[in-house]
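*Asks:* give me the fold of what follows.
(chains A, B, C and D)
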Number of protein chains: 2
Amino acid sequence: MQTKGSGAHPTPPAAVTLHDVARVAGVSVATVSYVANGRTNVRLSDATRLRVQKAIDDLGYRPNALAKNLVQGTSRFIGLVADGVATTPFAGQIIHGAQDEAWRHGFVLLVANTESDPQVENEAIDMMREHQVHGILYSTWYHREIAVPSAPNSSDMVLVNCFAPGSRARAVVPDERQGGRVATEQLLKQGHSRIAFINTTWESPARTGRLAGYRDALAAAGIDFEPANVIDAEPNQEGGYGAFEQIRRLDVTAAFCHNDRVAMGLYDAVRVRGLKVPTDLAIVGFDNQEVIAAHLRPPLTTVQLPHYELGAAGVRILLGLDPVPAGTVTQLACPVVQRDSDG
Amino acid sequence: MQTKGSGAHPTPPAAVTLHDVARVAGVSVATVSYVANGRTNVRLSDATRLRVQKAIDDLGYRPNALAKNLVQGTSRFIGLVADGVATTPFAGQIIHGAQDEAWRHGFVLLVANTESDPQVENEAIDMMREHQVHGILYSTWYHREIAVPSAPNSSDMVLVNCFAPGSRARAVVPDERQGGRVATEQLLKQGHSRIAFINTTWESPARTGRLAGYRDALAAAGIDFEPANVIDAEPNQEGGYGAFEQIRRLDVTAAFCHNDRVAMGLYDAVRVRGLKVPTDLAIVGFDNQEVIAAHLRPPLTTVQLPHYELGAAGVRILLGLDPVPAGTVTQLACPVVQRDSDG
DNA sequence: ATGAAAGCGCTAACAG
DNA sequence: CTGTTAGCGCTTTCAT
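*Replies:* Numbers count the residues shown, from 1 in each chain, chains lettered A, B, ... in the order given. Okay, here's the model as predicted:
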């Protein structure tokens, strides 16, 4: 049993360094560096290699990533600044996707939450740059257009779930139009031809994109677009509930809702009238918000926003694994998740 | 207009260093370091101070945090390892709270998602240690007991939303018992005295704690505990829906549900019978899962799990701002969020 | 096959 | 008041 200091307070283990290992193994630090990094292109006798490895294990040597990064002039950090982690489960998915992908390539995520405060945002970006991040993922919790933050060089920044026209920053966003199309097609496939669309009142890529997709699907099926069949409502349960009155006056058998929350409200309204989903009204949602969609009665057929993939694609683009030119906006497909509400 | 290199590819800005600033300002690196760090205890003439500051601004100098951390032997990193960011919105709140608090003290969050894979978990912890993190927050997405990961020294690790009996690691968790008590008291306050409790079938601190709290509240109100009034059900919508049959056979006017999802299912069952919340049955939930609770009809009175505070308290404990002895488990109160379902 | 030494960008004594 | 200098822990030529 060794005594070190007074032994009263457990002295911070005082990190063992390359030098310590070198001394114990009776070799130079360079040699230790080689075997620690498993370099095969340098010739070392098996004898020393083993001896050094043993010393490393015995001492429990762990490299100091800070020093390593400093000398190499580059870190294994990727910065992720998000405008709101709290608000929805969605942001969590983006982080998750980014984290997994980064990890896979030996990178670590440095996250900052800004709550859309430009002040905080700039500080966060500065801070990340000071930490020599490889690049920055700038993400928003809902798909929207942004003004790219005052970054010196936006070439090492990729936008996730948002885009900035005119910026050189690359972006990756969900394909709202394709999503709107497959949602509608799902209803069409079930034999519905008179389909209402409860859109949101919020101007956004989701609003225009999903509407366009709805029209695409109708057109492809040879069905005339009926403007009266699209209703605007607040994108929440109350909106969906309230929209029912208009729906019932329409000659439709199905409704495509802007999101799952709207669908949930609509379910409510349908049931209050003693009606049934999907026999009296077939419903398709959007978002695949699992708390809701998977547990409504009947479970809701919906379209999934590819948040996880957005995060993952973001780091792939950042790392140059998915080579895309500056300024490109990559669109990711939104798959439909079929359950039982589509008729 | 200056020319540098061929100008074809935008050369990576080649980071300006202390030396560059020193050269331009005509002073030594030490001096620059002083003013860059705003040191007031060293005496510098206002003249040089200004001159240096100007050079810093002109060149757009940004300190290299890696180098700074290296020489100081300590970083401004806090590691956060989570067992699941994706599954619920809850984990996001923990991250958010931790991030805010860390930021407030000049620290950055390094996050890793492990999906409960012990392999990944260890790698994540190692990686963080290599990056010289100040300490590690180990968090779980639901409150539970864990075996503390094989960490060399758990003194710099704090457990968030989980605990490890026998470990020296400090922990911070929600006070389930107090939560169960206030939920029940809320119903009591509204005049209900015959109250059912739909508990979860999953053995967990939430299950035992909330039940204890329910009994506490009853006892304090001088009401006998009736074992038949507690029902076990799966902690989701289906469980709540199914529990109604048992509830109706009970002589109760209110139900406290293990969580909001159960409450949502129960709402459904109540409505299917043509009954009404809260007149026919008052309901209180748990979790305050906003997508559900705020938008049910009527909006759900519930108890909030302090996830944000858990994250924040975790970093405060880690940083020694909230001094607690090793091995301590800190409990955080769960506030009730009153809406309209409690009668 | 291995070691010596320079230096990454920065801080902190210590001189002057 | 300000400059010189010695490292922090590590990688990497370049000698030997």
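
*Asks:* buried residues of stretch A:47-54, list them for me.
*Replies:* A:Thr48, A:Arg51, A:Val52, A:Gln53 (16 or more other C-beta atoms under 10 Å in any protein chain shown). C-betas here are computed from N, CA, C, even on glycine.

*Asks:* what bits of chain A have low per-residue confidence?
*Replies:* Within chain A, the ranges that satisfy pLDDT under 70 run A:1-14, A:86-87, A:150-155.

*Asks:* contact residues of it facing DNA strand C?
*Replies:* A:26-31, A:42-45, A:47-49, A:67, A:70-71, A:73 (C-beta under 7 Å from any atom of the strand).

*Asks:* in the stretch 101-250 of chain A, what residue spans correspond to helices?
*Replies:* A:118-130, A:176-189, A:205-220, A:237-249 (DSSP state H, counting those that start in this stretch).

*Asks:* return the most buried member of the ones you listed.
*Replies:* Of all the helices of the stretch 101-250 of chain A, helix A:176-189 has the most neighbours on average by mean count of other C-beta atoms under 10 Å in any protein chain shown, namely a mean of 23.

*Asks:* what is that helix packed up against?
*Replies:* Packing contacts for helix A:176-189, counted by 3 or more C-beta pairs under 8 Å, 6 or more residues apart in numbering or on different chains; DSSP states H and E, involve strand A:195-200, helix A:205-220, strand A:254-257, strand A:282-284, strand A:302-303, strand A:336-337.

*Asks:* mind checking how far the residue in the stretch 101-250 of chain A positioned nearest to DNA strand C is from A:Leu70?
*Replies:* Among the residues of the stretch 101-250 of chain A, A:Glu130 lies closest to DNA strand C, at 8.3 Å counting by C-beta to the nearest atom of the strand. For A:Glu130, the distance to A:Leu70 equals 13 Å [C-beta to C-beta, to the nearest Å].

*Asks:* and for those two, which residues touch both?
*Replies:* Overlap of the contact sets of A:Glu130 and A:Leu70 (by C-beta atoms under 8 Å, 6 or more residues apart in numbering or on different chains) consists of B:Asn64.

*Asks:* and for the residue in the stretch 51-200 of chain A that DNA strand C sits nearest to, the neighbour number?
*Replies:* Relative to DNA strand C, the nearest point of the stretch 51-200 of chain A is A:Val71 (3.2 Å; C-beta to the nearest atom of the strand). Residues contacting A:Val71 under the criterion other C-beta atoms under 10 Å in any protein chain shown number 11.

*Asks:* now stretch A:286-305: buried residues?
*Replies:* Across stretch A:286-305, burial judged by 16+ other C-beta under 10 Å covers A:286-297, A:299-305.

*Asks:* out of the residues you listed, which sit inside strands?
*Replies:* Among these, DSSP state E puts A:Thr302, A:Val303 in strands.

*Asks:* chain center to the lengthiest strand in chain A: distance?
*Replies:* The longest strand of chain A (DSSP E) is strand A:136-145. Computed by C-alpha atoms, centre = their mean, to the nearest Å, the chain-centroid distance of strand A:136-145 equals 9 Å.

*Asks:* strand partners of it, parallel vs antiparallel please.
*Replies:* When pairs are called by DSSP bridges, strand A:136-145 turns out to pair with strand A:77-82 (parallel), strand A:157-163 (parallel).

*Asks:* how far off centre is stretch A:278-293?
*Replies:* 22 Å.

*Asks:* what about it, start to end distance?
*Replies:* 14 Å (C-alpha to C-alpha, to the nearest Å).

*Asks:* residues near the nearest residue to A:Leu321 once chain neighbours are set aside, how many?
*Replies:* Spatial nearest neighbour of A:Leu321, chain neighbours left out: A:His105 (7.6 Å); criterion: C-beta to C-beta, 6 or more residues apart in numbering or on different chains. If you count neighbours by other C-beta under 10 Å, A:His105 ends up with 13.

*Asks:* return the residues in contact with A:His105.
*Replies:* A:Val315, A:Leu319, A:Leu321 are the contacts of A:His105 under C-beta under 8 Å, 6+ apart.

*Asks:* dump these to CSV, plus neighbour count.
*Replies:* Putting the contacts of A:His105 into CSV (neighbours: other C-beta atoms under 10 Å in any protein chain shown) gives the following:
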residue, neighbour count
A:Val315, 28
A:Leu319, 16
A:Leu321, 12
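
*Asks:* okay if I get the helices of the stretch 101-250 of chain A as CSV plus distance to B:Pro63?
*Replies:* Listed next are those as CSV, based on distance: least, C-beta to C-beta, whole Å:
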stretch, distance to B:Pro63
helix A:118-130, 6
helix A:176-189, 42
helix A:205-220, 38
helix A:237-249, 49
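
*Asks:* B:His134 is nearest to which of the ones you listed?
*Replies:* helix A:118-130 (15.3 Å; C-beta to C-beta).

*Asks:* which ones, among the residues of chain A next to DNA strand C, also lie beside DNA strand D?
*Replies:* Within the residues of chain A next to DNA strand C, those near DNA strand D by C-beta under 7 Å from any atom of the strand are A:Val29, A:Ala30, A:Ala67, A:Leu70, A:Val71.

*Asks:* the residues you listed, buried ones only, as a ChimeraX selection?
*Replies:* In ChimeraX, selecting the buried portion of those, with burial taken from 16+ other C-beta under 10 Å, looks like this:
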select /A:67,70
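
*Asks:* quick one: which of the ones next to DNA strand D among the residues of chain A next to DNA strand C is nearest A:Gly311?
*Replies:* A:Leu70 (28.4 Å).

*Asks:* ok but that closest one is inside a strand, no?
*Replies:* No. Per DSSP: H, G, I helix; E, B strand; the rest coil, A:Leu70 lies outside any strand segment and is helix.

*Asks:* give me the number of residues near the closest residue to it other than its chain neighbours?
*Replies:* Leaving aside its sequence neighbours, A:Leu70 sits nearest to B:Leu66 (C-beta to C-beta, 6+ apart; 4.8 Å). Residues contacting B:Leu66 under the criterion other C-beta under 10 Å number 25.

*Asks:* surely B:Leu66 touches A:Gln132?
*Replies:* Yes. Using C-beta atoms under 8 Å, B:Leu66 is in contact with A:Gln132, at 5.5 Å.

*Asks:* how's chain A carved up into domains?
*Replies:* Residue ranges for the domains of chain A, per automatic domain parsing: A:18-63, A:77-174+A:307-332, A:176-305.

*Asks:* does the shortest one reach chain B?
*Replies:* This points to domain A:18-63. Yes. Domain A:18-63 comes into contact with chain B (C-beta under 8 Å from any C-beta of the partner chain), by way of A:Gly60, A:Arg62, A:Pro63.
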